[in-house]
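>>> Let's see this in three dimensions:
(one chain, ligands or ions: 1)
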Amino acid sequence: MIDRVEELFRRQARAWPQLAKGLAGLAQARTRTVRVDWFEVFIRHIPHRVGSTTAAVDRETIAKRPCFLCAGNLPPEEEGLEFGDFTIYCNPFPIVDRHLTIAHREHRMQRIANQIGTMLDLAATLPACFIIYNGPQCGASAPDHLHFQAGLRQLLPIVKETSGLTGIAAPNYARNVLILRGRDRSALIDRTERAIGLLAETTGEQPEPMVNIAAYEEAGEWTIFLFPRGKHRPEVFHTGELTVSPAAIDLCGIFVVPLARDFEVITGDAIAAIFREVTLDNDRFREVVAKLEREP
Ligand SMILES: [Zn+2]
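As a prediction, this is how the structure comes out:
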């Protein structure tokens, strides 16, 4: 599949001007690395992300617009690769190399229920990549159409930073994240679904708690990063101080900043504060960790 994805990018970069523009934009993106405590964040200035960062995702706005993931609404040049019930497309607004959007063939709500297996299968099929899910109320710009994203994971700070950790939480990491690993597909699906169930119980959010998820596979072992959210957008977004709206890729350590003036001034400490603000608070997070740790 990875060869077919490479070929898809080559073909689509020639045939689809919007993708060519996005790839050129990514090639020109400026990245600045900041260190916070023991971890790093790559701050990436990508002007073409401003639409996604500021996208209105309220029900009324979503209901009025034509869905940009439905096959009937795609630009005529756009083509994809079949993967089960999904189609793999090149993302025309890339944050990382080989940024893909993986959309269900039917227009149906963004929901993680019964889809962890799809993420694991995608991760195994695209071995150099990470696969992400952004919940409908915390990062998905199409909350009404089930989809994942993928991209090359070589730059993702979280992969290296957590590789030596054995617990299910990363201490002093600014953002609260559950780290679930395993070689047994169905056991890992069960454990991840259990974690999501506990988060739903603790937060009272139905039908699913606010989560961002990233998954990858290496040498037969899957790793899932499950970021429980406390809120969608940080206060600095609402006040207009910073135009940033973190989702899975940002929480994995590539922090997207679409505006040049923000890129110049944003600090590592400000990003750590945003991570703390948007992920689930420590009390409720620890409660879920304790429950999960008590289970086999
Ligand atoms: Zn749709």
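>>> Every contact and neighbour count from this point should use C-alpha atoms.
OK.
>>> Strands of the stretch 51-200 of the chain, start to end?
81-83, 86-90, 100-104, 129-134, 147-152, 178-182 (DSSP state E, counting those that start in this stretch).
>>> Any chance of these in CSV with mean neighbour count, mean pLDDT and distance to the ion as columns?
CSV is the format used below for these (neighbours: other Cα atoms under 10 Å; pLDDT from 0 to 100; distance: least, Cα to the ion, whole Å):
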stretch, mean neighbour count, mean pLDDT, distance to the ion
strand 81-83, 15, 97, 16
strand 86-90, 21, 98, 12
strand 100-104, 24, 98, 8
strand 129-134, 27, 98, 16
strand 147-152, 24, 98, 9
strand 178-182, 20, 98, 30
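>>> Reformat those as TSV; add distance to Met119.
Formatted as TSV, the strands of the stretch 51-200 of the chain follow (distance: least, Cα to Cα, whole Å):
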stretch	distance to Met119
strand 81-83	11
strand 86-90	11
strand 100-104	10
strand 129-134	6
strand 147-152	8
strand 178-182	13
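>>> Between those, which one is closest to Thr243.
strand 129-134 (18.6 Å; Cα to Cα).
>>> Tell me where the stretch 101-250 of the chain is predicted with low confidence.
The stretch 101-250 of the chain contains no residues with pLDDT under 70.
>>> who in it is up against the ion?
Listed as neighbours of the ion in the stretch 101-250 of the chain under the rule Cα under 5 Å from the ion: His107, His145.
>>> Name the residue of the stretch 101-250 of the chain that lies nearest to the ion.
His107 (4.0 Å; Cα to the ion).
>>> doesn't Leu146 make contact with that residue?
Yes. Assessed by Cα atoms under 8 Å, His107 is found in contact with Leu146 at 7.2 Å.
>>> Show me where the stretch 151-296 of the chain has its helices.
In the stretch 151-296 of the chain, the helices defined using DSSP state H, counting those that start in this stretch lie at 157-161, 185-203, 235-239, 248-251, 260-265, 268-278, 282-294.
>>> which of those sits most buried?
helix 248-251 (a mean of 25; mean count of other Cα atoms under 10 Å).
>>> Give the other helices and strands that that one contacts.
strand 129-134, strand 211-218 (3 or more Cα pairs under 8 Å, 6 or more residues apart in numbering; DSSP states H and E).
>>> who touches the longest one?
Put plainly, it is strand 211-218. Taking contacts as Cα atoms under 8 Å, 6 or more residues apart in numbering, the residues outside strand 211-218 that touch it are 119-120, 123-124, 127, 129-135, 138-139, 222-229, 247-249, 252.
>>> and the angle for that strand with helix 185-203?
160 degrees (axes from the mean of the first three to the mean of the last three Cα atoms, to 10 degrees).
>>> same question, the shortest one
What separates the directions of strand 129-134 and helix 185-203 is an angle of 30 degrees, with the same axes, to 10 degrees.
>>> Any idea how far strand 129-134 is from the middle of the chain?
Offset of strand 129-134 from its chain centre (Cα atoms, centre = their mean, to the nearest Å): 5 Å.
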